[in-house]
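Chemist: Attaching a predicted model along with its sequence, questions to come.
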Amino acid sequence: MNRLILALIGILLAGCAPQPARVDTPRTEALDKTYSIDLPSAWIRQYTDERNILASRDGFLLEAIAVTRHPMKQAFPHTKKAATEAMLPSELAELEIAELKARDELAAALTVLENEPALLSGKEGFRLKVGYNNPRGLEINEIIYGVVDSAAIYRVAYRAPRLYYFERYYPDFQKTVESFALSSAR
Amino acid sequence: MRTQWRIGLAALAMLAGAALAATRLTPFSSGSVAVPASEDERRVWSQAEQLNELIARGNVIYTDPTLTAYVQGVIDRLYPEFKGTIRITLLKAPDLNAFAVPDGHIYVNIGLLARFQNEAQLATVMAHEGIHFTNRHGTLSQKSLKDNAALATFGSMLGIPILPQLVAVSSMFGFSRELETEADQAGFQRLTQAGYDVREAPRVFEHLAREVKAEDIKEPYFFATHPKLQDRVDNMTRLSSQSVGGGDGTSRADYARAVQHARLDNFENMLSMGRAKQALIMLEDAGHVSELPAHAPYYLGEAYRLRGNQGDLDRAEAAYRRAIEAAAEFPPSHRALGLVLLKTERPIDAAASFERYLALAPDAADRKYVESYLRIARKKGGTP
């Protein structure tokens, strides 16, 4: 009985969030209206909650762009550490690497391919590129841009198999990164 | 209703466990006869092969032929009749873990190698894991059927790496209380026969018990199984007190030389994973640090900085300065000191540290970061 009630609540709540949809407008805004971004045209867009957006062209398990906002005082799920506004960009990147490595044993063996300062929404942050193998031995590359303000850490990430897919959609991702704007910065 | 169902399952599991415990398999007597003898055992070995493939594909193997040969030498000394059958593979993982799979592969984390003090301690674990293979504990374990499905699910996951931790994967070959006790006892006999100093055996467990007690550290699988760790400490202490003593493998210096690179790689790995508390257990041990290269205080400083407790930034600064005093040509100490100085509003000194870092490591991968911090430091310090 309790399960049934929970399931109904789940269905009702799910009804509140927009369903996956083809990107047909240039500008996408987070449901909490803290940032906006141009997602690649014709990709599928999915709001995972009010703070986060996923997008993919061929399927979320193949290639994906993730735009996330993580509240400042909230610890990351795996490392249980939180970002602070006083963190330097390299320290934010360090925290991001630790969080990625804590995700699972394969990601723990990731290789940091690039790690450098970068601008996101005009603010100084980091750009990180990592590589790791998935359970089938497929090499995955992932790029994460991150920046912090007084309220949250924002990340724009792109993940795809290194062979073929990563380079194919990387230009789309770069345009997406350049379009990212914090609401206060607009 | 649900409770009754659980009780029923528990009863079934107990019956199954009892039945398996009663069905003993003859241990393999040598590598030449170590082959699956039944359909069940072939299935278990097949699972082991799948796990071996998963590990090989995962970029998780620590590639150091010299160190691998060293650990292989330890297991070959313990199990000479299985030379060529029991195969050692080192893993990059920083956890305290080692595990045997039913086809004779033994996986050893560098996190385990890094913590031990001498070869006799390593041999204690190798002897234990070897028994799991020779006594066919994988086939005896009732877990295999259940976990076959778990393993199959990994292959279906493509793209986003959401698989459970490999530690959990390895636990499919985890064993019952009875089998773990057997591995401890029979492993101890192997240790004695091979001429290792058995007084080191309980020290392995004591050392690890201390580690497990540390805050936020999950008890690693190797030690998390039944019987409880303290029981195993007591058991090993009893066994070693009954033995004549003597034996070799106690040289800390020889062992430190063999595992030095792995120890440093393990610190890098632990710290990049944010596991400062675990790293500090080793780095606050003066005996352990004395076996490391002169720049080791740099890792201590990094661990303090990452832990971030009250006063840790001061501790970190002191450690970086000690590292620079002992090994001035080691670049990361200068960068790390520069960051502390920048964050504590000493920009002129910070700039000097960053300049020194860039001079020592002109091709550093983080050069762009350091250059940007140098600009900030110079601006704050009013220098061009």
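Modeler: Structure's in. What do you need?
Chemist: Give me the buried positions along the host helix or strand of residue B:287.
Modeler: When elements are assigned from DSSP states H and E, residue B:287 belongs to helix B:286-290. Residues of helix B:286-290 classed as buried by neighbour count (16 or more other C-beta atoms under 10 Å in any protein chain shown): residue B:288. For the C-beta atoms, the positions are set from N, CA and C on the backbone; glycine is no exception.
Chemist: now swap in stretch A:47-66 and tell me
Modeler: Buried, per 16+ other C-beta under 10 Å, within stretch A:47-66: A:47, A:51-57, A:60, A:62-66.
Chemist: Kindly report the same for stretch A:20-29.
Modeler: Of the residues in stretch A:20-29, those buried by neighbour count under the rule 16+ other C-beta under 10 Å are A:23, A:28.
Chemist: got the end-to-end distance for that stretch?
Modeler: Using C-alpha to C-alpha, to the nearest Å, the end-to-end distance of stretch A:20-29 comes to 14 Å.
Chemist: Ok, stretch B:193-204 next?
Modeler: For stretch B:193-204, the first-to-last residue distance is 19 Å (C-alpha to C-alpha).
Chemist: Which residues are in contact with residue B:310?
Modeler: Neighbouring residues of residue B:310 by C-beta atoms under 8 Å, 6 or more residues apart in numbering or on different chains: there are none.
Chemist: helix, strand or coil for it?
Modeler: For residue B:310, the reduced secondary structure class is coil; criterion used: DSSP: H, G, I helix; E, B strand; the rest coil.
Chemist: repeat for the one 4 residues further on
Modeler: What three-state DSSP gives for residue B:314 is helix.
Chemist: so residue B:298 makes contact with residue B:336?
Modeler: Yes: between residue B:298 and residue B:336 there is a contact at 6.6 Å, judged by C-beta atoms under 8 Å.
Chemist: okay, those two: which has more neighbours?
Modeler: residue B:298 (28 against 23; other C-beta atoms under 10 Å in any protein chain shown).
Chemist: circling back to that earlier point, shared neighbours, residue B:298 and residue B:336?
Modeler: Overlap between the neighbourhoods of residue B:298 and residue B:336 consists of residue B:320, taking contacts as C-beta under 8 Å, 6+ apart.
Chemist: By mean pLDDT, flag the weakest helix or strand of chain A.
Modeler: Evaluated with mean pLDDT, DSSP states H and E, the helix-and-strand set of chain A has its lowest mean pLDDT in helix A:2-16, which scores a mean of 44.
Chemist: immediately after that one, which helix or strand?
Modeler: On the C-terminal side of helix A:2-16, the nearest following helix or strand under DSSP H and E is strand A:21-22.
Chemist: who touches that following strand?
Modeler: Counting by C-beta under 8 Å, 6+ apart, strand A:21-22 makes contact with A:42, A:43, A:44, A:45, A:46, all of which sit outside it.
Chemist: remind me which residues of chain A are low pLDDT?
Modeler: Along chain A, the parts satisfying pLDDT under 70 run over A:1-18, A:184-186.
Chemist: Can you tell me the centre-most residue of it?
Modeler: Most central residue of chain A, judged by C-alpha distance to the mean C-alpha position with C-alpha atoms, centre = their mean, is residue A:66 at 3.1 Å.
Chemist: residues touching that one, list them.
Modeler: Taking C-beta under 8 Å, 6+ apart as the contact definition, residue A:66 lies against A:52, A:53, A:54, A:55, A:155, A:156, A:157, A:158, A:159.
Chemist: Verify the assumption that the last one is located in a helix.
Modeler: Spelled out, it's residue A:159. No: if the criterion is three-state DSSP, then residue A:159 is strand and not within a helix.
Chemist: is it true that it touches residue A:62?
Modeler: No: using C-beta under 8 Å as the test, residue A:159 is too far from residue A:62 to be in contact (9.4 Å).
Chemist: give the contact list for residue B:64.
Modeler: The neighbourhood of residue B:64, defined by C-beta under 8 Å, 6+ apart, consists of B:90, B:261, B:262.
Chemist: So which of those belong to strands?
Modeler: Assignment to strands by DSSP state E places the following of the contacts of residue B:64 there: residue B:90.
Chemist: As JSON lines, the contacts of residue B:64 with neighbour count, distance to residue B:239 and pLDDT would be great.
Modeler: What follows is the contacts of residue B:64, written out as JSON lines (neighbours: other C-beta atoms under 10 Å in any protein chain shown; distance: C-beta to C-beta, whole Å; pLDDT from 0 to 100):
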{"residue": "B:90", "neighbour count": "24", "distance to residue B:239": "28", "pLDDT": "96"}
{"residue": "B:261", "neighbour count": "14", "distance to residue B:239": "33", "pLDDT": "96"}
{"residue": "B:262", "neighbour count": "23", "distance to residue B:239": "29", "pLDDT": "97"}
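Chemist: ok, back up a step: right, and the pair among the contacts of strand A:21-22 with maximum separation?
Modeler: Comparing every pair within the contacts of strand A:21-22 by C-beta to C-beta identifies A:42 and A:46 as the most remote, at 14.4 Å.
Chemist: so how many other residues sit close to the closest residue to chain A within the stretch 51-200 of chain B?
Modeler: Of all residues in the stretch 51-200 of chain B, the one sitting closest to chain A is residue B:57 (3.1 Å; C-beta to the nearest C-beta). By other C-beta under 10 Å, the residues close to residue B:57 number 16.
Chemist: what's the answer for residue B:58, then?
Modeler: Using other C-beta under 10 Å as the criterion, residue B:58 is surrounded by 25 other residues.
Chemist: gap between the residue nearest to it when sequence neighbours are not counted and residue B:346?
Modeler: Residue nearest to residue B:58 in three dimensions, not counting chain neighbours: residue A:106, with 4.7 Å by C-beta to C-beta, 6 or more residues apart in numbering or on different chains. Here the criterion is C-beta to C-beta, to the nearest Å. By it, residue A:106 lies 41 Å from residue B:346.
Chemist: The two: which is more packed in?
Modeler: residue A:106 (24 against 18).
Chemist: which residue ranges form the strands in chain A?
Modeler: A:21-22, A:28-29, A:35-37, A:44-47, A:53-56, A:64-71, A:111-120, A:123-133, A:139-148, A:152-161, A:181-182.
Chemist: Listing partners with orientation, what would you give for the fourth one?
Modeler: Put plainly, it is strand A:44-47. Sheet pairing for strand A:44-47, assigned by DSSP bridges, gives strand A:21-22 (antiparallel), strand A:53-56 (antiparallel).
Chemist: would you put the C-alpha positions of that strand in CSV?
Modeler: Extracted as CSV, the C-alpha positions of strand A:44-47 are listed here (Å, rounded to 0.1, in the frame of the first residue of the first chain):
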residue,chain,number,x,y,z
ILE,A,44,17.4,15.9,-27.0
ARG,A,45,17.1,18.0,-23.8
GLN,A,46,16.2,16.6,-20.4
TYR,A,47,15.8,18.5,-17.2
